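> Show me how the following folds:
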Amino acid sequence: MLVPRKKLEIFVEAHAVSPVEGMLAQAGFKGWSVLAGAEGAGAHGAWRHTGVDERGLYLVVAIGSDEASEAALAWLSDYFKSYPGIVAVSDVAVMRAERF
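Predicted coordinates:
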């Protein structure tokens, strides 16, 4: 049986990964994944992580309850006033809902 949840995809710079992970734990997420960005393009043009004196961009993916997502979005809204980042929210359906 599938159960509805929210998926957050949070794009941040390297220095923000640890604070975002701490926030996710406090907001009630049971887990998340952090993926290193290799290249892309955005408002400031194309970029590529070469590994030479760079810290890169990261994608943090978390799936959780509506309540956890709302708490995370409130925190991220304040955080992104001072630091760059983007968040996308999707409605998803998951199996093994007890893990989310």
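> And the helices in the chain, which stretches?
Taking DSSP state H to define them, one finds helices in the chain at 17-27, 66-79.
> Save the ones you listed as CSV, and put in distance to residue 11, mean pLDDT and mean neighbour count too.
Any C-beta I mention is one placed from the backbone N, CA and C, and that applies to glycine too. Below are those laid out as CSV (distance: least, CB to CB, whole Å; pLDDT from 0 to 100; neighbours: other CB atoms under 10 Å):
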stretch, distance to residue 11, mean pLDDT, mean neighbour count
helix 17-27, 10, 98, 17
helix 66-79, 11, 97, 16
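> Pull out the buried residues from stretch 82-92.
Buried residues in stretch 82-92, counted by 16 or more other CB atoms under 10 Å: 85, 87.
> quick one: contacts of it?
Residues outside stretch 82-92 that contact it (CB atoms under 8 Å, 6 or more residues apart in numbering) are 4-13, 15-16, 63, 69, 73, 76, 79-80.
> Just send the helices of the chain back as a markdown table, with distance to residue 42 too.
Formatted as a markdown table, the helices of the chain follow (distance: least, CB to CB, whole Å):
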| stretch | distance to residue 42 |
| --- | --- |
| helix 17-27 | 18 |
| helix 66-79 | 17 |
